[in-house]
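Participant: Here is the input, now give the coordinates:
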Amino acid sequence: DADTQGEEGRYFVYRYDKALKSFGKAGIPKEEHPGLAATLGITPKGNFEGKNIVRIEDPAHLDIPYYREAIAALKKRREKRAYPFIDKKVLVSWNAMMIKALFRAGRIESKYLKQAIASLDALTNTMYLNGELYHSALIGKKPKIKAFLEDYAYLCETLIEAYESTLDEIYLITAVKLANRAIEKYYDQGQWKFSRGEFETKADTYDSSYPSSMAMMLDVLLSISSLVDPVYKKFVFKTLEVYSYDIMRQPISTPRMSKVIIRYLKDDIIIKADEERLKKHIADRDRSAYPFTYIKADKNDGFMLCTSSSCFGHEADWKGVKEVIGRR
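Facilitator: Numbering: from 1, shown residues only. Alright, predicted model coming up:
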């Protein structure tokens, strides 16, 4: 929480004159103050409500005279301020978003893949207990609040991303289990509930600071229909049937749902091949010319190209796969 003592960002911001005073106390020559302040993004006008958030234009190049001394001086000034409140809850949906990003980064840099796997294991071991998914928990405490639709949706999407990054079937199996549970708890004839219990709330089609949980769940079901069983597509169809008019009228407010509609109409391309053969091309999937491309380990000689309902091509190598997808 960046709000302290009734002022937004108080702990993190600096007045121009106070910053220069701190530089002087640290023994930095006075003639260096204006240039150093400018390099740190500190100006008389300020960049946040008349004050300054320290910002380096190019963090890769920190060979700035008196940089370390200036940062130490600003930190010392900050020590006197009340420290912001830190919310120490573990949220399944937010953790899942971060872990998904790590899996994607891991397809480029292996260190992120290791971190993603460890983080996903920790999250599921902590928040998915005895077949029940939970929404949140304080660090080191047992969870008590049961999951909402957003937790199922975001975790399922991360599990599918994990499968696409590792081809480990356990991630796909877990995603299907959780999706089945979400359908059982929150789906009702084309409509979705966000929560059920003493108070029941409807899921929204609109994106806010992060995408609609209903849209995320539909994306998950499309992935499962392509990778596991086409029967899951019927839940997507029924939902789009109910909400399509509203989405058509305001697509700018429902970007994730709009994407789901495009994906549903255009269909996925699934590249199927032997696991060892596919593993060499996990990162290549991200460079596909078609946005809805997935990979699935299968017993095939070469690479089979399929939609969610039928197969349309067979190629001996990845070069052929790229050419076929590029022509569609």
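Participant: Regarding the most centrally placed residue in the chain, which helix or strand does it belong to?
Facilitator: Of all residues in the chain, the one closest to the mean position by C-alpha atoms, centre = their mean is residue 97, 3.0 Å from it. Here residue 97, judged by DSSP states H and E, is contained in helix 92-106.
Participant: And the next helix or strand past the helix or strand of the chain with the lowest mean pLDDT?
Facilitator: The helix or strand of the chain with the poorest confidence is strand 3-4; it has a mean of 69 (mean pLDDT, DSSP states H and E). Past strand 3-4, further along toward the C-terminus, the next helix or strand under DSSP H and E is strand 7-8.
Participant: partner strands of the following helix or strand past that following strand, parallel or antiparallel?
Facilitator: Scanning forward in sequence from strand 7-8 by DSSP H and E, the next helix or strand is strand 13-14. In the sheet, strand 13-14 lines up against strand 52-53 (antiparallel) (DSSP bridges).
Participant: for the strand it pairs with, the distance to its chain's centre please.
Facilitator: Taking C-alpha atoms, centre = their mean, to the nearest Å, the mean C-alpha location of strand 52-53 is offset from the chain mean by 28 Å.
Participant: which is the next helix or strand following it?
Facilitator: helix 67-78.
Participant: residues of that following helix that come out buried?
Facilitator: Buried residues in helix 67-78, counted by 16 or more other C-beta atoms under 10 Å: 69, 70, 71, 73, 74. Using the backbone N, CA and C atoms, a C-beta is placed for each residue, glycine as well.
Participant: and those residues as a markdown table, adding pLDDT?
Facilitator: Formatted as a markdown table, these follow (pLDDT from 0 to 100):
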| residue | pLDDT |
| --- | --- |
| 69 | 94 |
| 70 | 94 |
| 71 | 93 |
| 73 | 95 |
| 74 | 95 |
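Participant: Could I get the full set of helices for the stretch 201-328 of the chain?
Facilitator: Counting by DSSP state H, counting those that start in this stretch, the stretch 201-328 of the chain has helices at residues 213-227, 233-249, 255-266, 275-279, 318-327.
Participant: Show me how far the longest one is from its chain's centre.
Facilitator: Between the centre of helix 233-249 and the centre of its host chain there is 24 Å, according to C-alpha atoms, centre = their mean.
Participant: All further residue positions should be reported with the first residue as 426.
Facilitator: Shifting the count to begin at 426 puts that one at helix 658-674.
Participant: Give me the helices and strands touching it, please.
Facilitator: Packed against helix 658-674 by the contact rule (3 or more C-beta pairs under 8 Å, 6 or more residues apart in numbering; DSSP states H and E) you find strand 616-620, helix 638-652, helix 680-691.
Participant: tell me the most buried of the ones you listed?
Facilitator: Most buried of those, by mean neighbour count (mean count of other C-beta atoms under 10 Å): helix 638-652, with a mean of 25.
Participant: how far off helix 680-691 does that one point, in degrees?
Facilitator: 30 degrees (axes from the mean of the first three to the mean of the last three C-alpha atoms, to 10 degrees).
Participant: Looking at helix 638-652 now, give me its mean pLDDT.
Facilitator: The pLDDT scores in helix 638-652 average 98.
Participant: in this structure, what spans have low per-residue confidence?
Facilitator: For the chain, the stretches with pLDDT under 70 are 426-428, 430.
Participant: go again using 90 as the cut-off
Facilitator: 426-437, 464, 480-490, 505-513, 564-565, 621-625, 675, 725-726, 752-753 (pLDDT under 90).
Participant: In it, where's the longest strand?
Facilitator: Counting by DSSP state E, the longest strand found in the chain is strand 557-563.
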